[in-house]
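J.: Let me see the structure of the following:
(2 chains)
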There are 2 protein chains.
Amino acid sequence: MVDVFRHNAAPYPASGAWFPGDPVGNRKFHTFATDRPFSLEGGGSLRDVTVAYETWGSLNSDASNAILICHAWTGDSHVAGVTGVGHTTSGWWDGVVGPGRAIDTNKYFVVCSNVLGGCQGSTGPASAHPDDGKPYGLRFPVVTIRDMVRAQAHLTDALGIKRWHAVIGGSMGGMQALEWAIIMPDRVGALVAIATCAEASAQQIAWTSIGRRALLQDPAYNNGNYYDAGPDGGPWVGLSTARMVAQVTFRTDSRFSEKFARRFKTLNFNSDGIELFSEFEVEGYLDHHGDKLVRRFDANSYLYIGKAMDLHDVGRSRGGVAEAMARIKAPTLTMSIDSDILYPAYQQEMIHNSVKNKDPRNAHVTIESIEGHDGFLIETVAVGAGIREFLGSL
Amino acid sequence: MVDVFRHNAAPYPASGAWFPGDPVGNRKFHTFATDRPFSLEGGGSLRDVTVAYETWGSLNSDASNAILICHAWTGDSHVAGVTGVGHTTSGWWDGVVGPGRAIDTNKYFVVCSNVLGGCQGSTGPASAHPDDGKPYGLRFPVVTIRDMVRAQAHLTDALGIKRWHAVIGGSMGGMQALEWAIIMPDRVGALVAIATCAEASAQQIAWTSIGRRALLQDPAYNNGNYYDAGPDGGPWVGLSTARMVAQVTFRTDSRFSEKFARRFKTLNFNSDGIELFSEFEVEGYLDHHGDKLVRRFDANSYLYIGKAMDLHDVGRSRGGVAEAMARIKAPTLTMSIDSDILYPAYQQEMIHNSVKNKDPRNAHVTIESIEGHDGFLIETVAVGAGIREFLGSL
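T.: Presented below is the predicted three-dimensional model:
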């Protein structure tokens, strides 16, 4: 029955193996706040902050062809490209970004950075605290989407980019793109916000919260101090359960029915009888996705980034969402996946309707897809077509 | 930060306090399988099986006015009435069942029994094993919806009821009602199936599975042996997390937004800064519902009944869903809640379309409601109106 515990044996990378400082792949690292603290919206501060990033294509002479892509919760800077050292997965938007693709790297200088609080090269709870060289763990301060964006702004300065041709993101990436256009309206030439929201809803918070709770209830979480626990000692069961909750919200009822129906993974009811812990195929799928995340993601980063999403509210300290959205100068493309149960289409329609700049290039595209929220990653043809047309209109 | 663990201190009832055999409230108990084993669909068997039940109204002389109501996952026999010893909650369908109500107890003899595998008086994993008097725990065999129905049939015989005037249920209660009409078509005068399905979908299984996993990963679950652990020792954190997953699927995005918006329960972001484990109001709501279930429900029952729902498939060993549904003779009312994300309306429409008896009284009602799946419990006016009209047509 304890199949559920097999994640204890998952070959989790040794602490620090792919954390900040690794000179791996084609990632580059920009460090700032080495002189004075980087103050955070939530009241804390950080110093010696590193932002890991990747670039594709060439920056032109007047630095006017740069596009920033912002990644989602468990994403990283590896938007396009193959797996390799430092890149445990291939590019998460390979179908959209590349030579001749919608975001054409022959034409644009494309940048993607790992978010502040992440675990794929940028400073996060798994990073070494400058005071003692040990992982921050729960000493890491709360970061918000705005903090992530302000960290990206430091990188932007370092790259010599005054103004992005476009800032583009889906899901939490879209939250960052929105904040870019609100915090620094003059530095954003165009905005693309896909399957995202202007403020996290109560239901979205509920889902994040349940995942957080599943992780915290794993005794191996140990108050965030699991970095020395070795490959068998971390909170992998809890992190895996948290991921499963998210995974169901990323997809749809109809997709699951189409893919798994009611097929059994283990015992067949008719011929073998049944026992309480036998599994359906869909349960094997959840296991697989839980496993996969555990192998590549830091549990504390999962918590901190989840909290940043819960706290996402463009209206905070700005007189509300409407006033915040009125700051956006950039022509704005919003995209919805019609089957998205986590970031329902009304949220992107609301963004579209709240942009008050009357730019004739503002557009809203609804993608018909069975894939749900993950459609922004999967439906690369439709997503790419929408982005290509919008970029062409600029 | 360990607010999440405060459930350890929840005043869980002492083992057995309200488990089978308590001569409490107006519940009655019927025991069968005292001579030979009650064989189960999954291959196991039980003996000395008790079914706890309640009745309202009077059975008429030819026993033709009896209505069976079947309860949902964490429901019990207490359809109507106040709280009291043995009834930790007031009637779960008070607005629908009672004198002059849609299911009129002045007219009908209404029966509801706690399901086999339950923990509110009927034999379940918390019951004493006849061999050693200790709780079954994981020694309890897997039960299916069909087993629950066959246990109810024993009670039906004992009550002298040859044929139910109607069998009515929502959610898992609807699964039982469907199985009644399929297993014993001549004993069901009419069928009402609300917010339910003919077979559990992959997404429904995924949600149950995640809850099961959250419960199993609680070390206090202890392989199902927690009955002697005392009020602070059981798997209450895990059970509470499992309940939270379900609770979100029972409601809707719009209801949560209306009820909680983005209000904070603990720290206010602007004036106090923020820390990682501060909570939004919706998180307090989830805590509350987790707590509430932990105080009244047995963790093993939660697992076993959840598994019975996952295994629900009227087509199993019957040549498929269509063939099974063709056995139904009873006029059938199906009801959907239009905002139900767990048992979407298409599932009840499918049931409606699969009933092949061409009875002119067959009807399908869609209730417009913001409440989601729980609408079958909350929208008592609309649900009652639909049932009243249908019963009137018989």
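
J.: what about A:K356, which helix or strand?
T.: For A:K356, there is no host helix or strand (DSSP states H and E).

J.: which residues touch it?
T.: A:M325, A:A326, A:I328 (CB atoms under 8 Å, 6 or more residues apart in numbering or on different chains). Every C-beta, even on glycine, is put in place using the N, C-alpha and C of the backbone.

J.: Am I right that the first one is in contact with A:I182?
T.: This points to A:M325. Yes. In this structure, A:M325 is within contact of A:I182 by CB atoms under 8 Å, at 7.4 Å.

J.: Overlap in contacts, those two.
T.: A:V314.

J.: Can you pull out the low-pLDDT segments for chain A?
T.: Within chain A, the segments meeting pLDDT under 70 span A:1-25, A:84-86, A:267-273.

J.: Now with 50, please.
T.: Within chain A, the segments meeting pLDDT under 50 span A:1-24.

J.: now the helices: where do they sit in it?
T.: A:145-158, A:172-183, A:202-216, A:236-250, A:253-260, A:269-272, A:281-296, A:299-310, A:321-325, A:345-354, A:375-378, A:380-392 (DSSP state H).

J.: Which residues of the stretch 101-250 of chain A lie near chain B?
T.: Neighbours of chain B within the stretch 101-250 of chain A, by CB under 8 Å from any CB of the partner chain: A:138, A:142, A:199-203, A:205-207, A:209-210, A:213-214, A:216-219, A:223, A:237-238, A:241, A:244-245, A:248.

J.: which of those residues are buried?
T.: Buried by 16 or more other CB atoms under 10 Å in any protein chain shown: A:138, A:142, A:199-203, A:205-207, A:209-210, A:213-214, A:216-218, A:237-238, A:241, A:244-245, A:248, out of these.

J.: OK, contacts around the spatially closest residue to A:L239 that is not a sequence neighbour?
T.: In space, and not counting its chain neighbours, A:L239 is closest to A:A299: 4.6 Å by CB to CB, 6 or more residues apart in numbering or on different chains. The contact partners of A:A299, by CB under 8 Å, 6+ apart, come to A:L215, A:Y221, A:G224, A:Y226, A:G234, A:P235, A:W236, A:G238, A:L239.

J.: what sits against the third one?
T.: Taking CB under 8 Å, 6+ apart as the criterion, A:G224 is in contact with A:P125, A:G137, A:L138, A:A299, A:N300.

J.: what's the closest of these to A:V167?
T.: Ranked by distance to A:V167 (CB to CB), the contacts of A:G224 are led by A:P125 at 25.7 Å.

J.: From B:S278, how far off is that closest one?
T.: 17 Å (CB to CB, to the nearest Å).

J.: Neighbour count: the two, which is higher?
T.: Neighbour totals were compared for A:P125 and B:S278, and A:P125 leads with 27 against 22 (other CB atoms under 10 Å in any protein chain shown).

J.: could you list every residue that touches the more buried one?
T.: Contacts of A:P125 by CB under 8 Å, 6+ apart are A:117, A:119, A:135-140, A:224, A:298, A:300-301, A:303-304.

J.: interface residues of the stretch 251-394 of chain A facing chain B?
T.: Going by CB under 8 Å from any CB, the residues of the stretch 251-394 of chain A near chain B are A:252-253, A:256-257, A:259-262, A:269-270, A:273-276, A:279-283, A:286, A:303-304, A:307, A:310-311, A:313, A:316-317, A:341, A:344.

J.: just to revisit the earlier point, could you export the contacts of A:K356 as CSV, including neighbour count?
T.: Below are the contacts of A:K356 laid out as CSV (neighbours: other CB atoms under 10 Å in any protein chain shown):
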residue, neighbour count
A:M325, 24
A:A326, 16
A:I328, 24
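
J.: out of those, who's nearest chain B?
T.: A:M325 (15.9 Å; CB to the nearest CB).

J.: Excluding sequence neighbours, find me the nearest residue to that closest one.
T.: A:S354 (3.7 Å).

J.: hang on, isn't the one you found packed against A:A322?
T.: Yes. With contacts counted by CB under 8 Å, A:S354 reaches A:A322, the gap being 6.1 Å.

J.: My guess is A:A102 contacts A:V381. True?
T.: No. Under the criterion of CB under 8 Å, A:A102 makes no contact with A:V381, lying 9.2 Å away.

J.: Between these two, tell me which one has more neighbours.
T.: A:A102 (22 against 12).

J.: which residues touch the more buried one?
T.: A:V96, A:V383, A:G384, A:A385, A:I387, A:R388, A:L391.

J.: The last one contacts A:A166, doesn't it?
T.: What that stands for is A:L391. Yes. The pair A:L391 and A:A166 qualifies as a contact (CB under 8 Å) at a distance of 6.6 Å.

J.: Residues that sit against both of the two, list them.
T.: In contact with both A:L391 and A:A166: A:A190, using CB under 8 Å, 6+ apart.

J.: neighbour count winner among those two?
T.: A:A166 (25 against 20).

J.: Tell me the spacing between that one and chain B.
T.: Separation of A:A166 from chain B (CB to the nearest CB, to the nearest Å) stands at 29 Å.

J.: just A:V321 next, same as before
T.: 10 Å.

J.: burial measure for the closest residue to chain B within the stretch 1-150 of chain A, as a count.
T.: Nearest to chain B, among the residues of the stretch 1-150 of chain A, is A:G43, at 3.2 Å (CB to the nearest CB). Close neighbours of A:G43, defined as other CB under 10 Å, add up to 13.

J.: Show me the residue sitting in the middle of chain A in space.
T.: Centroid-nearest residue in chain A: A:A72, 1.5 Å away (criterion: CA atoms, centre = their mean).

J.: was I right about that one contacting A:A177?
T.: No. Counting by CB under 8 Å, A:A177 is not a contact partner of A:A72; they are 11.3 Å apart.

J.: Mutual contacts of those two, please.
T.: Residues touching both A:A72 and A:A177 (CB under 8 Å, 6+ apart) are A:G169.

J.: quick one, what contacts A:S113?
T.: By CB under 8 Å, 6+ apart, the neighbours of A:S113 are A:V51, A:A52, A:Y53, A:E54, A:L68, A:S77, A:S122, A:A151, A:Q152, A:L155.

J.: Generate JSON lines for the residues you listed, with neighbour count as supplementary columns.
T.: Converted to JSON lines, the contacts of A:S113 look like this (neighbours: other CB under 10 Å):
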{"residue": "A:V51", "neighbour count": "27"}
{"residue": "A:A52", "neighbour count": "28"}
{"residue": "A:Y53", "neighbour count": "21"}
{"residue": "A:E54", "neighbour count": "24"}
{"residue": "A:L68", "neighbour count": "28"}
{"residue": "A:S77", "neighbour count": "29"}
{"residue": "A:S122", "neighbour count": "28"}
{"residue": "A:A151", "neighbour count": "27"}
{"residue": "A:Q152", "neighbour count": "27"}
{"residue": "A:L155", "neighbour count": "21"}
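
J.: and the residue nearest to A:M325, how many neighbours does it have?
T.: 20.

J.: For the closest residue in space to A:G91 that isn't next to it in sequence, grab phi and psi.
T.: Nearest residue to A:G91, sequence neighbours excluded (CB to CB, 6+ apart): A:A80, at 3.7 Å. When read as degrees, to the nearest 10, the backbone of A:A80 gives phi -140, psi 150.

J.: Does A:A80 touch A:G98 like I think?
T.: Yes. In this structure, A:A80 is within contact of A:G98 by CB under 8 Å, at 5.2 Å.

J.: okay, and the common contacts of those two?
T.: In contact with both A:A80 and A:G98: A:W56, A:T105, using CB under 8 Å, 6+ apart.
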